[in-house]
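Undergrad: What shape does this take:
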Amino acid sequence: MSVNPTVRSDTPEPSFVGTVAIASRIFAPEPAAASFRLAALANALARSGARMIVITSTFTPDVGGANEVVDDDVTVRRFPVLRNKDGYVRGYLQYLSFDVPLAARLLFARGIKAVVVEPPPTTAAVVRVVCAIRRIPYFYYAADIWSDASTTVANNGVVKVVRAVELWALRGASGVLSVSQTVTQRLAELGVSERVREVGNGVNTDLFAEHGMHYPYGSPYFLYAGTASEVHGATIFVDALALVREIHPKARIIFVGQGADRSELERRGKELGEGAVEFLPRVPPARVAEMLRSAVASLASVKPGVGYDLAFPTKLYASVACGTPAVFAGAGPGAKFVADLHAGWVADYSPDHVAEAMIAALSGDRDSVERRALAERAAQVVSITAIANAGAQFIMDTTFVSGANVRDEPPARNEKR
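TA: Model prediction:
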């Protein structure tokens, strides 16, 4: 993955600098990939001369206080929304509780010249309508393809509706920020190839770094930090651990976070005996970094054959930035990422193959020098600051330098701009 490491110094200062708003149901300090991306983008836009406003939701008490992740020049406006039983703004009723107030807040906010919207597609559709009324451009941050992901949990009718809403929002955007070559290619397959800027993806390499505090532990553990849903198929690691413990009886797994597979993970974990598998709720990113530094390896997976093989587990970025090797199981671009960066082990999606990789991690002698070298390699490709600068450059150039044209209707699939 290659990104523009800095905002181009030869680009002239914007002829007019105005207010840019970010609309997202999730934002820092909530521990999620979107939070890191958007906080970095807000900072980069503010440093590029835009007045930044973030319109987002209030976060839950378990997240903790808002740490220093956004600059003082970034204004964050929050309002309460519905959350599911796990504390996430996830589900159509929860999305609606954010989207409806968002429409009013965007419509009547003063001075906004452009909007950056984070999916879901319903939020992006609201932004398209409001921006059309206000005659201002908006930018769609495409971290993945939501309609593809919905095939794993929804029937065909729902998938078709999500696809239609998503494409309508994408085609009306003045620009689309893509996080990877895989997403860019999929967008092109769906007829969205114009005005797409591939900026990459990553993490805060100041927070997730090889140096720093370590998590206290008594026995060697693997860390799975993040959502465990149908797409990921994280149960494969618990099944593999049963085989691993035949050779390394003290080895264990720590799961951090929630997800649709949580109850099944807990059930299988209990079968391995007390202490074999530990479950923690969401924790602050700084604590995740501590846990990664002490882990034998991180765990990440994408279950093949469920309809979303292009998914990339962003937990891999945090792991390698800390110098912690990863065991990746399954399909998708995550396997290539680990192999290309020499960042751990890639296994077929089966208990036997995953167990072999985990045993190799336990048997290896990865000293601090090797971990530091991995962190240094990772810093070249996963720095969220460099990625945010590339995205900010695109938005500033499109909005304030070249001047984005707001379209009343989406272009035909073969229309050239």
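Undergrad: C-alpha from now on. contacts and neighbour counts both.
TA: Noted.
Undergrad: And the pLDDT at the spatially closest residue to Ala143 that is not a sequence neighbour?
TA: Distance criterion C-alpha to C-alpha, 6 or more residues apart in numbering; nearest residue to Ala143, sequence neighbours excluded, is Val179 at 5.3 Å. Val179 is assigned a pLDDT of 94 by the prediction.
Undergrad: my read: Val179 touches Ile145, true?
TA: No - using C-alpha atoms under 8 Å, Val179 makes no contact with Ile145, being 10.8 Å away.
Undergrad: Quick one: mean pLDDT for stretch 380-387?
TA: 93.
Undergrad: now the end-to-end length of that stretch.
TA: By C-alpha to C-alpha, to the nearest Å, the extent of stretch 380-387 from end to end equals 11 Å.
Undergrad: what about the least confident helix or strand in the chain by mean pLDDT, distance to the chain center?
TA: Within the chain, no helix or strand scores below helix 146-150, which has a mean of 84 by mean pLDDT, DSSP states H and E. Per C-alpha atoms, centre = their mean, to the nearest Å, the displacement of helix 146-150 from the mean C-alpha position of its chain is 15 Å.
Undergrad: swap in stretch 213-230?
TA: Using C-alpha atoms, centre = their mean, the offset of stretch 213-230 from its chain centre is 18 Å.
Undergrad: residues touching Gly269, list them.
TA: By C-alpha atoms under 8 Å, 6 or more residues apart in numbering, the contact set of Gly269 is 238, 276-277.
Undergrad: try 10 Å
TA: By C-alpha atoms under 10 Å, 6 or more residues apart in numbering, the contact list for Gly269 reads 235, 237-239, 241-242, 252-253, 263, 275-279.
Undergrad: pLDDT below threshold where in this structure?
TA: 1-16, 61-68, 153, 403-417 (pLDDT under 70).
Undergrad: can you give me the strands in it?
TA: 19-23, 51-57, 74-79, 112-117, 138-142, 175-178, 196-198, 221-225, 252-256, 277-280, 297-302, 326-330, 344-347 (DSSP state E).
Undergrad: Strand 112-117 and the first one, what's the angle between them?
TA: Angle, strand 19-23 to strand 112-117, by axes from the mean of the first three to the mean of the last three C-alpha atoms, to 10 degrees: 20 degrees.
Undergrad: picking that back up, okay but the residue nearest to Ala143 is in contact with Ala142, surely?
TA: Yes - contact criterion C-alpha atoms under 10 Å: Val179 and Ala142 qualify, at 6.6 Å.
Undergrad: which residues do these two both contact?
TA: Glu198.
Undergrad: Which residue is the nearest non-sequential neighbour of His232?
TA: Val302 (4.3 Å).
Undergrad: again with Asp239
TA: For Asp239, the closest residue by C-alpha to C-alpha, 6+ apart turns out to be Pro351, at 5.8 Å.
Undergrad: who are the neighbours in contact with the one you found?
TA: Under the criterion of C-alpha under 10 Å, 6+ apart, the neighbours of Pro351 are 235-244, 329, 357.
Undergrad: re the thing from before, reformat the strands of the chain as JSON lines; add distance to Ala209 and mean neighbour count.
TA: Listed next are those as JSON lines, based on distance: least, C-alpha to C-alpha, whole Å; neighbours: other C-alpha atoms under 10 Å:
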{"stretch": "strand 19-23", "distance to Ala209": "27", "mean neighbour count": "23"}
{"stretch": "strand 51-57", "distance to Ala209": "27", "mean neighbour count": "22"}
{"stretch": "strand 74-79", "distance to Ala209": "25", "mean neighbour count": "16"}
{"stretch": "strand 112-117", "distance to Ala209": "28", "mean neighbour count": "24"}
{"stretch": "strand 138-142", "distance to Ala209": "26", "mean neighbour count": "26"}
{"stretch": "strand 175-178", "distance to Ala209": "25", "mean neighbour count": "25"}
{"stretch": "strand 196-198", "distance to Ala209": "25", "mean neighbour count": "21"}
{"stretch": "strand 221-225", "distance to Ala209": "16", "mean neighbour count": "26"}
{"stretch": "strand 252-256", "distance to Ala209": "19", "mean neighbour count": "22"}
{"stretch": "strand 277-280", "distance to Ala209": "22", "mean neighbour count": "16"}
{"stretch": "strand 297-302", "distance to Ala209": "14", "mean neighbour count": "28"}
{"stretch": "strand 326-330", "distance to Ala209": "15", "mean neighbour count": "28"}
{"stretch": "strand 344-347", "distance to Ala209": "17", "mean neighbour count": "22"}
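Undergrad: Can you tell me which of the ones you listed is nearest to Arg128?
TA: strand 138-142 (7.2 Å; C-alpha to C-alpha).
Undergrad: now the closest one: how far from the chain's centre is it?
TA: 14 Å.
Undergrad: How is the protein partitioned into domains?
TA: 19-202+383-401, 221-379 (automatic domain parsing).
Undergrad: Cool, thanks, talk later.
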